[in-house]
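Student: Curious how this folds, go ahead:
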Amino acid sequence: MYPYNIFRQEAGVSAEAEKNENKPQRKNKKKPQDKRPQTPPSSQKPPSNMPRPSIIDEKILDMILEAIADERGDAEYYAKLTHMAKSQEEKNILNGIRMDEQKHEKIFRRIYSMLTGKEASVETKLKKVGNNLRDEYRKSVFEELETVEFYKKMYIALKSQDIRNMLYDIITDEQSHATKLTYLLTT
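Tutor: Residues are numbered from 1 along each chain as shown. As a prediction, the model looks like this:
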């Protein structure tokens, strides 16, 4: 006899009760069919007759639209700075930042589409570029850090882990931009 069975006997469980306990129970009842409508997979666009998002959702959507416009404007801004840069190292760093900003715009457009089922339509926020490159770097460091704070607010407000993961990647890119621009200030 296995030790397990000894403990069961001490607890007052008979061998017959144990056999009946381990037998699968058969039921002749059929399970009723579920008549509820099936939820579409999350990869599909929501139907056009969906209710309007709540006030909080509207704020998030507005923030995403603002981010799309900012990212597009930032990409153009860094393209202009790239042309002003003197060294190849500066040009490479600024061009990398520009490409990241373009990537961010695409990601925010995707997020907007995921949430609404629609394509985002925004006007580009153009930034003025001064003549002093060092002043532009200094200004850009603080703007990148402000952007990080803005995106953190979005991150907290959004519930989808997939979207939060995308935002996390953008936030770390923006932090990296501030670091790279600080490096350019010191060289």
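Student: Can you tell me the SS state at the nearest residue to residue 64 once chain neighbours are set aside?
Tutor: The shortest distance from residue 64 to any residue other than its chain neighbours is 5.0 Å, reached at residue 112 (Cβ to Cβ, 6 or more residues apart in numbering). C-betas here are computed from N, CA, C, even on glycine. Under DSSP: H, G, I helix; E, B strand; the rest coil, residue 112 falls in the helix class.
Student: Please verify my assumption that residue 112 contacts residue 121.
Tutor: No: taking contacts as Cβ atoms under 8 Å, residue 112 lies outside contact range of residue 121: 9.7 Å.
Student: So which of these two has more stuff around it?
Tutor: Each of residue 112 and residue 121 has its neighbours counted (other Cβ atoms under 10 Å); residue 112 has more, 21 against 8.
Student: got a list of what the more buried one touches?
Tutor: 61, 64, 65, 68, 118, 119, 120 (Cβ atoms under 8 Å, 6 or more residues apart in numbering).
Student: what about it, distance to residue 123?
Tutor: 15 Å (Cβ to Cβ, to the nearest Å).
Student: rewinding a little: for residue 152, state which of the contacts of residue 112 is nearest.
Tutor: residue 64 (14.2 Å; Cβ to Cβ).
Student: Give me the buried stretch members for the helix or strand where the closest one lies, please.
Tutor: In this structure, residue 64 is located in helix 55-84 according to DSSP states H and E. Using 16 or more other Cβ atoms under 10 Å as the test for burial, helix 55-84 gives 60-61, 63-65, 67-79, 81-82.
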